[in-house]
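Participant: Give the three-dimensional model of this entry:
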Amino acid sequence: MAKRNPKVAIVSDISLQRLALAHAVKGQGYDLVLNSSPERLDDRLFKSVEPDVWIVDLQNEDDELLDRILDLGVPVLFGLDAAPAQGTRQYPRWERRVFIKLYDVVGHPVIQENLEPLEKQAVAPVAPREIYVPQELMTYKSQRLEFVCVLAASLGGPAAVKEFLDFIPSGLPVAFVLAQHIDARMQESLTRVLVRHNHMPCHIAHDGDKLKSGQLLIAPVETEIDFSADGQVISRIIKWDGPYSPSIDQVLANVGRRFGKKSIAIIFSGMGSDGSISGPQMVEAGGSVWAQDEKTCACPSQPDAMRATGCVSFSGTPFDLANRLVIHISRNLSAHTA
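Facilitator: Numbers count the residues shown, from 1 in each chain. Down below sits the predicted model:
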């Protein structure tokens, strides 16, 4: 029997707080069954919803309403902080705190990633146009790790990431790290479907592996990884910080801190806002953050959340993002190798 997605009801007498809570709940993938002010919550509406958790945020106490909700025997979340303005650095942290509270009570939202269509794809989609690679980039050879590109994705991400990788020309001096929210049991399948029609060597990262140009390492679900200055994978033997695994925020933080201006992050389709805390920090360290455009995302919450931080310098289709990567490397390689 398929697991049911948790249902959330919101009651607040603060209109801006209701809007922010609704955005956080839906953006993380939960089913929002009610978002109401106390005065609009009549008997019919109250009896028609059967949430798994109530979020109650009231400036003016309403003992009668609270008693009715508590008598239902359903978990209730109180005392949430007022939401900061979207686009501020405080907002992703507030949204994460809301998610952790929900997760502690009702668990993860049901994210059903389906790799079967990608596994059945007989041939790669025909590219609408080829990516131009400058001659100096085609002939460039180096043993150094020149660029590290994090591909961050959640729901709908595998198809977008695969399309992006199918467009990547061979021989680019960039190592890839994928942080994909996915069930651990599906990771091995992911290593196969992502590179089925391209040249990219790919495997799940283990302690002692090294980042290498033209290769893709997938961050493991079970344990956090970090990187040494020369690109060696360091397994922390601890769980990822945060409710999702792997933690996109932690991967971005580790890569941005270690590789600075050599680091790039591309945010693909996904639910929630994982990555929005560390994205601006990567830019401050000299790196770049790009995102998949909304119209081509199966679920745009994650790239939209990153755009809201103001740190995204480019948005586009998977093809556009692959093309942008080639241009970026071509323009910046001389500065990195000087």
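Participant: which residues in this protein form strands?
Facilitator: Under the criterion DSSP state E, strands of the chain are mapped to 7-12, 31-36, 53-57, 76-77, 147-153, 174-180, 202-204, 216-218, 225-227, 233-235, 263-267, 288-292, 312-316.
Participant: export these to JSON lines and tack on mean neighbour count, mean pLDDT and distance to Glu163?
Facilitator: Where C-beta positions appear, they are placed from N, C-alpha and C, glycine not excepted. Below are these laid out as JSON lines (neighbours: other C-beta atoms under 10 Å; pLDDT from 0 to 100; distance: least, C-beta to C-beta, whole Å):
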{"stretch": "strand 7-12", "mean neighbour count": "24", "mean pLDDT": "95", "distance to Glu163": "33"}
{"stretch": "strand 31-36", "mean neighbour count": "17", "mean pLDDT": "94", "distance to Glu163": "29"}
{"stretch": "strand 53-57", "mean neighbour count": "22", "mean pLDDT": "94", "distance to Glu163": "37"}
{"stretch": "strand 76-77", "mean neighbour count": "18", "mean pLDDT": "94", "distance to Glu163": "39"}
{"stretch": "strand 147-153", "mean neighbour count": "27", "mean pLDDT": "97", "distance to Glu163": "11"}
{"stretch": "strand 174-180", "mean neighbour count": "26", "mean pLDDT": "97", "distance to Glu163": "14"}
{"stretch": "strand 202-204", "mean neighbour count": "17", "mean pLDDT": "94", "distance to Glu163": "15"}
{"stretch": "strand 216-218", "mean neighbour count": "24", "mean pLDDT": "97", "distance to Glu163": "14"}
{"stretch": "strand 225-227", "mean neighbour count": "21", "mean pLDDT": "96", "distance to Glu163": "25"}
{"stretch": "strand 233-235", "mean neighbour count": "17", "mean pLDDT": "96", "distance to Glu163": "26"}
{"stretch": "strand 263-267", "mean neighbour count": "28", "mean pLDDT": "98", "distance to Glu163": "12"}
{"stretch": "strand 288-292", "mean neighbour count": "27", "mean pLDDT": "98", "distance to Glu163": "10"}
{"stretch": "strand 312-316", "mean neighbour count": "17", "mean pLDDT": "98", "distance to Glu163": "12"}
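Participant: Using JSON lines, lay out those together with distance to Met282.
Facilitator: As requested, the strands of the chain are exported to JSON lines (distance: least, C-beta to C-beta, whole Å):
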{"stretch": "strand 7-12", "distance to Met282": "31"}
{"stretch": "strand 31-36", "distance to Met282": "31"}
{"stretch": "strand 53-57", "distance to Met282": "32"}
{"stretch": "strand 76-77", "distance to Met282": "32"}
{"stretch": "strand 147-153", "distance to Met282": "8"}
{"stretch": "strand 174-180", "distance to Met282": "13"}
{"stretch": "strand 202-204", "distance to Met282": "23"}
{"stretch": "strand 216-218", "distance to Met282": "18"}
{"stretch": "strand 225-227", "distance to Met282": "14"}
{"stretch": "strand 233-235", "distance to Met282": "19"}
{"stretch": "strand 263-267", "distance to Met282": "6"}
{"stretch": "strand 288-292", "distance to Met282": "6"}
{"stretch": "strand 312-316", "distance to Met282": "11"}
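Participant: wait, which of these is closest to Gly107?
Facilitator: strand 53-57 (10.3 Å; C-beta to C-beta).
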